[in-house]
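*Asks:* Show me the folded form of this:
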Amino acid sequence: MLSASLFGGERETSPEVAMDDIQPPNENQPSNDSQPSNDNQLPNASRPPNDGWHRRQSVPDRARKRAIRLHAACTGVSYTVAARRLAAGTASADQGRTCYPADPTRLGRTLAERIADARLAADLPRGRAAHVTRRFPPRDAGPGIGTLYGGAGRQELLESAYALVIDERPDLEPDAIDLAWQAESGEEATLDAACAQLDREVRLVLDEGWERIAAAAPPSSDQLMTVRTDGARQIMDALLIAGANGHVPGTRVAMTSGRPATIVAAMWDVAGPPVAYAVRPHSLAGEPPATDLIVAPRALLVLTGPSAA
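*Replies:* Residues are numbered from 1 along each chain as shown. Have a look, this model is predicted:
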């Protein structure tokens, strides 16, 4: 099930509590050990054990609290909410799957409409490029992130990428008769499975940039000379994750520092789930936009539920 945190989900509201009972006391407040001694006090060896409240906190504990404070500052929620968010309702990004948000209009398609879509997806290379572009339309990921899955010329770019891969790796092209037969079921997931290796290779080619793709495209494809590959890569990320584990662009995450961020791209190898993610950290008020970072999945927590926005 999709998290409401994707693409600008509503922020959790809560009382603005500056501190809570899991925070340390004021560091300027003197501890019991700093009070003057008198003859009635027990010797140090005979004193009851300190409850630990005034002892210097461990490094992991201090790091956890810094992460909570940073998360609270970036998201505009209280320390209590930030602590609860990072402690529960999260999962490491090297596990599970977060899919592209379901479009209600697609869910309500008739059988005839599903078959028509599947036939388009089976038509290589042009039809499949048109299918995935329509299937994963642009989405607003919220302030500081902007529109994902968008950009002019992304369908033409994908058409050229599919044509290039099929030309260079004909062994990856599924049999046209088999695809046509599978399309009659109206199940696009069946076609995704049949085209999985081809789709992955297209995604890897997109990482090489538009120059190589444009060089292999017909001379009339002048638009490819200025198109950005971001939207096309995000479309292919969502397509590959639909049939495997991983988290699509637009997924809200938290880095180990506690700073919230949004996945803007997945990094792929020749097999398996994403090996890393490009994430865009959320900035504090007044800060300039953050630079995208490449982060290993195990170093990210996927935020779930509406509180993750």
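*Asks:* For the rest of this, base every contact and every neighbour count on C-alpha atoms.
*Replies:* Noted.
*Asks:* In which helix or strand does residue 280 reside?
*Replies:* Of the helices and strands defined by DSSP states H and E, residue 280 is found in strand 276-281.
*Asks:* What is the subsequent helix or strand relative to that strand?
*Replies:* Scanning the chain past strand 276-281 towards its C-terminal end, the next helix or strand to appear is strand 293-295 (assignment: DSSP H and E).
*Asks:* neighbouring contacts of that next one?
*Replies:* Strand 293-295 is contacted by residues 276-281 when judged by C-alpha atoms under 8 Å, 6 or more residues apart in numbering.
*Asks:* What mean pLDDT does the helix or strand containing residue 160 get?
*Replies:* Under DSSP H and E, the secondary-structure element containing residue 160 is helix 154-168. Here the mean pLDDT over helix 154-168 is 94, rounded to a whole number.
*Asks:* same check, this time on stretch 203-221
*Replies:* Mean pLDDT, taken over the full extent of stretch 203-221, equals 78.
*Asks:* before we move on, back to that, just checking, what packs against the helix holding residue 160?
*Replies:* With contacts taken as 3 or more C-alpha pairs under 8 Å, 6 or more residues apart in numbering; DSSP states H and E, helix 154-168 sits against helix 126-135, helix 196-206, helix 210-216, helix 230-241.
*Asks:* so for the helix or strand following it, what's the average pLDDT?
*Replies:* Tracing the chain C-terminally past helix 154-168 and defining elements by DSSP H and E, one meets helix 176-183 next. Helix 176-183 carries an average pLDDT of 96.
*Asks:* Just the buried residues of helix 176-183, please?
*Replies:* Residues of helix 176-183 classed as buried by neighbour count (16 or more other C-alpha atoms under 10 Å): 179-180, 182-183.
*Asks:* mind listing what residue 277 touches?
*Replies:* With contact taken as C-alpha under 8 Å, 6+ apart, residue 277 is in contact with 263-267, 294-297.
*Asks:* now those residues: which count as buried?
*Replies:* Buried members of the contacts of residue 277, scored by 16+ other C-alpha under 10 Å, are 263-267, 295, 297.
*Asks:* got the CA positions of the host helix or strand of residue 266 in PDB?
*Replies:* In the assignment (DSSP H and E), residue 266 maps to strand 260-267. C-alpha atoms of strand 260-267 as PDB (Å, rounded to 0.1, in the frame of the first residue of the first chain):
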ATOM      1  CA  PRO A 260      14.300  14.500   5.800                       C
ATOM      2  CA  ALA A 261      14.800  14.100   2.100                       C
ATOM      3  CA  THR A 262      13.000  12.900  -1.000                       C
ATOM      4  CA  ILE A 263      14.200  10.200  -3.400                       C
ATOM      5  CA  VAL A 264      14.600  11.700  -6.900                       C
ATOM      6  CA  ALA A 265      16.200   8.700  -8.700                       C
ATOM      7  CA  ALA A 266      17.300   5.100  -8.200                       C
ATOM      8  CA  MET A 267      20.700   3.700  -9.100                       C
END
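*Asks:* Having no further points to raise, I will conclude here.
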